[in-house]
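Trainee: With the sequence up front, the predicted model follows.
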Amino acid sequence: MDFAIDPDITDFAASIDSLLGKSDMPSVLRAWAAGDTAPGETVWGRVAETGAAALLIDEDAGGAGATAVEAVVALEVLGRHAVPGPVVETVMVAPRIAAALGSDVAVDLASGALASVAAPRVSPFAPDPAVAKYLWVADDDEVFTGTAGEIRRSVDRARTVTVPSKGGNLAAANTVDLINHGALGTAAQLLGLGKAMLEMSVDYAKQRKQYGKFIGEYQGLKHQLADVAIALEMAQPLLWAGALAIAENPDVPASAVRDVSAARVAVADAAYLSARTALQVHGAIGYTLEHDLGLWLTKTRALQTAWGTQSFHRGRVLKSLEAAR
């Protein structure tokens, strides 16, 4: 039996990768951090034109009618290029809310509108509300309009967050389902970030010399980079398993809790290891504002607690295993 991703999906991801590779993302991220979100919104518009924003939107509303499998493949690419904005909320969470709100919102999202979402008990911070057309709060299996509170800058300078207050009740929506989608999408982003930082580290190790040798020739450094590669490679199938769990049981979100949270834990740990190792390989220069690596490091750190902390997701895995005994 072949468990590989369908070639059509990988080709789609490659097209997004090619587009973003030509977009000078470090400059886009620095502009976003400085308060100029226009270049980033332009990039997002181009991404939306590929259909990435509409993957989970029904075909009747102009979407692709795809599953979480296609979505996580696309989100991994968006993570690799550190695309700013409420990416996971727009691609993964908002379509589930739009299904409850009606076709007008779904059509808007499929056309590239950005949405930001907070879930107070798990993920209380809504990212980048200033660029989001929709701001929602999901709590107690209900979705409410959100009103942005104080805007705070995240550890990722190209990311702001707010704790929105609840407004009017809009519709019923399964909170577990929304958390599953948010957590899985964040895991996909983190996997892309982790792979990008590993690639940066390997490239730097081939260029930087110390004591007359390229630092990549030292055995200790090879072992560190190999550990990162193994961690990322082992986390990848867990991400796909989480996506399959959602895709195969869309109406029973509780059945996907274990697989989604297991993926979130494994990927977040692997991405964090990649970030730590990248900083060790580059030295302090990697954390400076002038070096591109710092943009990926801080985004990885910011996403470690998005849509649930590691302890929250480990707790969900444990509860699922105990319930199955």
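Mentor: Structure's in. What do you need?

Trainee: Model confidence at the residue nearest to residue 38 when sequence neighbours are not counted, what's the number?
Mentor: If the residues on either side of it in the chain are set aside, residue 38 comes closest to residue 31, at 7.5 Å by CB to CB, 6 or more residues apart in numbering. (C-beta placed from N, C-alpha, C; glycine too.) Among the per-residue scores, residue 31 holds a pLDDT of 97.

Trainee: State the helix or strand in which residue 31 lies.
Mentor: Assignment of secondary structure by DSSP states H and E places residue 31 within helix 25-33.

Trainee: same deal with residue 84?
Mentor: Per DSSP H and E: residue 84 is located in neither a helix nor a strand.

Trainee: same deal with residue 74?
Mentor: Here residue 74 is assigned to helix 68-80, by DSSP H and E.

Trainee: From the chain's centroid, how far away is that helix?
Mentor: Taking CA atoms, centre = their mean, to the nearest Å, the mean C-alpha location of helix 68-80 is offset from the chain mean by 8 Å.

Trainee: got it, and stretch 13-22?
Mentor: Counting by CA atoms, centre = their mean, stretch 13-22 is centred 16 Å from the centre of its parent chain.

Trainee: returning to what we had before: convert the C-alpha atoms of the helix or strand following the helix holding residue 31 to CSV, please.
Mentor: Going down the chain from helix 25-33, the next helix or strand is helix 38-50, by DSSP H and E. What follows is helix 38-50, C-alpha atoms only, in CSV (Å, rounded to 0.1, in the frame of the first residue of the first chain):
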residue,chain,number,x,y,z
ALA,A,38,1.0,46.1,2.2
PRO,A,39,3.8,43.9,0.7
GLY,A,40,2.6,41.0,2.9
GLU,A,41,-1.0,41.4,1.9
THR,A,42,0.1,41.5,-1.7
VAL,A,43,1.9,38.2,-1.2
TRP,A,44,-1.2,36.8,0.5
GLY,A,45,-3.3,37.9,-2.5
ARG,A,46,-1.0,35.9,-4.8
VAL,A,47,-1.2,32.9,-2.5
ALA,A,48,-5.0,33.2,-2.6
GLU,A,49,-4.9,33.2,-6.4
THR,A,50,-3.3,29.8,-6.3
